[in-house]
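Asker: fold the following for me, if possible:
(one chain, ligands or ions: 1)
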Amino acid sequence: MPASINADASNKSPVSDEGELNPFIIPVIIGDGVGPDIWRAAEPVLLKAARSSGHNPKFVEVPAGAKAFEATGSYLPAETLETLKKRRVSLKGPLATPVGGGMRSLNVAIRQALDLYACIRPVKWIPGVPSPVKHPEKTDIILFRENTEDVYAGLEWKAGSNEANSLIDFSRTNLNASIREGSAVGLKPMSEFCSKRLVRLALEWALKEKRPNLTLVHKGNIMKFTEGAFRAWGYELAKAEFGALTVPESEAVPGDARLIIKDRIADNMFMQSLLRPEEYSVLAMPNLNGDYLSDCLAGQIGGLGMAPGANIGDGLAVFEATHGTAPKYQGQDKVNPSSLILSGAFMMEYLGWNEAADRIRLALKRTVADGLVTYDLARQDKKLKEVGCSQFGEAVAERL
Ligand code: NAP
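Answerer: Alright, predicted model coming up:
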C-alpha cells in the first residue's frame, strides 16, 4: 500500500476493558444517484469480511450531496469534512456535479479540502469478467493521478464575464498572448511541489511492491511548461531521492533489477494501454490525463462497475468507486456494486486488514466464476446470469 495508516487515537483501541472488540468508526458518504444501491449491497460484504477476520468496523453515514442539501441546506457541510479529517479513513459513494454550470464538483472540493493529493486506481482483471480486449490478464496496472491541480483547480471563467475579459486584456497587454475576444478562459496550474509529491508516492509504492517500472504520462510536447515540467520533475525526483533504486529507461541494461522510469506522451499511452499493457506497471500523471486514462483502463477489465479507487493524502484517505452517480439506474437495484466492494477491500488493505481484503477479492472472483454478474457484465457475455445489485452483494457475502 502507498502509505501506512496512522489512525486517530479514537479510532484505534481494538479491545475494550471487557475484552470486546471496540468498533473502528469509518465515516461513509453514501452519495447520490446509485450511491444508496451500491452501498446497500456492499456494506454487508465489508462487515462480514472484516468481522470474520477479527476486525470490528462501524460504518457511520455522514451527509454530503443532495441528501445533505435537503437536510442542512449545504451540499458539503463543514461537519462532514471535520469528521473525514478526524477519522482519517472513509468510504465514499458517487456525488453528482452539474455540467456547464451550477455548483463546482463536491468530489474535487473534498479532495482539495483534505489535500487528498493522489487518486490511486488499481486495474486488474478478475478471471471470468467479460472484456473487450483479447488478453485482459495482461493488464495489471496501478494508476497514480495528481488530484489537486491542473485544469481541475476550478480556475475558469465564463465567456463574457468581467473576470474572463480582464484576464484576456492582461494576457494581451502583458504576455503578448492573443486570445479571441469574448472567450471563456481557464488556468492550468501545475507546481513542482504537487507534481513531485505525487510521483514520490507512486515511486514509494512501486518500490515497496517490487514493481518493474513506473511511467510518467504527460502531454509535454504541447504543454511544455506544465505537462513537460511534470515529466522533468518526475525524473528529477527519481534521481534525487531514489537514485540507487531507479534507472531511466534510456540507461537501463538488459535484466536491470532497478525500477525502470519511463515516460510516454498521453495519446501514445492510451494506445499502449490497449496494445502492450503488460509493459506498464505503475503510471503517474497529472489530473486530467489520469481522469481519462483510468476510465479507459477500467473498460478493459469489465467497465466502471469493476474499478476501485482511493484518494490519498498524508495520513488521510477516502476510498471510492471510480464511477459516478449513473442517474438513469438510480433506485433500480441494478448496477454493479463491485467497484465499491473492491474499494472497501482496498481500504482494508490500507488499514492493514489484509486477510479481510483477500477474502473479499476471492469471494468476488468465486461469484463471477459461478456465472453470477450484474447487467453490465451479463450484456457482454450471454452465458453469464444477470442478477440485481443487492443479489450480487448477497452472492459475494455467501462466498466469503
Ligand atoms: P457515470 O455515473 O460513471 O456513468 C457512466 C456509465 O458508466 C453509466 O451510464 C453506466 O454505463 C456505467 N456505470 C457507472 N457506474 C456503474 C456501475 N456501478 N455498474 C455498472 N455500470 C456502471 O458517469 P456520468 O454519467 O458521466 O456522470 C454522472 C454523474 O456522476 C455526473 O454528475 C458526474 O459529475 C458524477 N461523477 C461523480 C464521480 C464521483 O463521485 N467520484 C465520478 C464520475 C462522475 P451504461 O450506460 O453503459 O450502462
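
Asker: interface residues of this structure facing the ligand?
Answerer: Proximity of the chain to the ligand is confined to 34, 38, 94-97, 107, 303-305, 320, 323-327, 335-336, 339, 376 under the rule C-beta under 6 Å from any ligand atom. Where you see a C-beta, it was placed from the backbone N, CA and C, and this is true even at glycine.

Asker: nearest to the ligand: which residue in the chain?
Answerer: Of all residues in the chain, residue 324 sits closest to the ligand, at 2.3 Å by C-beta to the nearest ligand atom.

Asker: could you find the closest non-adjacent residue to that residue?
Answerer: Spatially, and ignoring its direct neighbours in sequence, residue 324 is nearest to residue 94 (4.7 Å; C-beta to C-beta, 6 or more residues apart in numbering).

Asker: tell me the contacts of that neighbour?
Answerer: If you count contacts by C-beta atoms under 8 Å, 6 or more residues apart in numbering, residue 94 has them with 31-35, 320-321, 323-326.

Asker: again, 10 Å this time
Answerer: Shown in contact with residue 94 (C-beta atoms under 10 Å, 6 or more residues apart in numbering): 29-35, 38, 65, 106-107, 304, 320-327, 339-340.

Asker: the residue of the chain closest to the ligand belongs to a helix, doesn't it?
Answerer: No. Read with DSSP: H, G, I helix; E, B strand; the rest coil, residue 324 is coil and lies in no helix.

Asker: isn't it right up against residue 33?
Answerer: Yes. Using C-beta atoms under 10 Å, residue 324 is in contact with residue 33, at 7.1 Å.

Asker: and the two? Which one has more around it.
Answerer: The residue with more neighbours, out of residue 324 and residue 33, is residue 33; 23 against 18, by other C-beta atoms under 10 Å.

Asker: who's in contact with the more buried one?
Answerer: 65-66, 93-96, 323-331, 335 are the contacts of residue 33 under C-beta under 10 Å, 6+ apart.

Asker: please apply the same query to residue 332.
Answerer: Residue 332 neighbours (C-beta under 10 Å, 6+ apart): 34, 37, 326, 375, 388-389.

Asker: from the centroid of the chain, which residue is nearest?
Answerer: The centroid of the chain falls nearest to residue 309 when counting by C-alpha atoms, centre = their mean (3.2 Å).

Asker: can you turn the buried part of the contacts of residue 94 into a PyMOL selection?
Answerer: Entered in PyMOL, the line below selects the buried ones among these, by 16 or more other C-beta atoms under 10 Å:
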select buried, resi 29+30+31+32+33+34+35+38+65+106+107+304+320+321+322+323+324+325+326+339+340
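
Asker: narrow the contacts of residue 94 to those in strands?
Answerer: Those of the contacts of residue 94 mapping onto strands are 29, 320, per DSSP state E.

Asker: what does the closest residue to residue 354 other than its chain neighbours show for phi and psi?
Answerer: In space, and not counting its chain neighbours, residue 354 is closest to residue 348: 7.5 Å by C-beta to C-beta, 6+ apart. In terms of degrees, to the nearest 10, the main-chain angles of residue 348 are phi -70, psi -40.

Asker: neighbours of residue 187, how many?
Answerer: Residue 187 has 13 neighbours, counted by other C-beta under 10 Å.

Asker: got a list of what it touches?
Answerer: Contacts of residue 187 (C-beta under 10 Å, 6+ apart): 150-151, 153-157, 167, 226.

Asker: picking up where we left off before, what's near enough to touch the residue nearest to residue 354?
Answerer: 26, 46, 49-50, 53, 55, 57, 89, 319, 354-360.

Asker: repeat for residue 37
Answerer: Listed by C-beta under 10 Å, 6+ apart, the contact partners of residue 37 are 30-31, 93, 326, 329-337, 340, 388-390, 393.

Asker: same question for residue 110.
Answerer: So residue 110 contacts 29, 64, 76, 80-81, 84, 90, 92, 95, 116, 311, 318, 320 (C-beta under 10 Å, 6+ apart).

Asker: which helix or strand contains it?
Answerer: Using DSSP states H and E, residue 110 maps to helix 106-113.

Asker: can you name the next helix or strand after that helix?
Answerer: Assigned by DSSP H and E, the successor of helix 106-113 is strand 118-124.

Asker: that next one vs helix 106-113, what angle?
Answerer: Counting by axes from the mean of the first three to the mean of the last three C-alpha atoms, to 10 degrees, strand 118-124 lies at 120 degrees to helix 106-113.

Asker: got the CA positions of strand 118-124 in PDB?
Answerer: Provided in PDB are the C-alpha atoms of strand 118-124 (Å, rounded to 0.1, in the frame of the first residue of the first chain):
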ATOM      1  CA  ALA A 118      -3.200  11.300  -5.100                       C
ATOM      2  CA  CYS A 119      -6.000   9.400  -6.700                       C
ATOM      3  CA  ILE A 120      -5.000   5.800  -6.900                       C
ATOM      4  CA  ARG A 121      -6.700   3.300  -9.100                       C
ATOM      5  CA  PRO A 122      -5.600  -0.300  -9.400                       C
ATOM      6  CA  VAL A 123      -6.600  -2.000 -12.600                       C
ATOM      7  CA  LYS A 124      -6.600  -5.800 -12.500                       C
END
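
Asker: what's it packed up against?
Answerer: Packing partners of strand 118-124 (3 or more C-beta pairs under 10 Å, 6 or more residues apart in numbering; DSSP states H and E): helix 106-113, strand 140-146, helix 192-208, strand 282-285, helix 287-300, strand 310-312, strand 317-320, helix 338-350.

Asker: direction included, what does it pair up with?
Answerer: Here strand 118-124 has these sheet partners by DSSP bridges: strand 140-146 (antiparallel), strand 310-312 (antiparallel).

Asker: now that strand: mean pLDDT?
Answerer: Across strand 118-124, the average pLDDT comes to 96.
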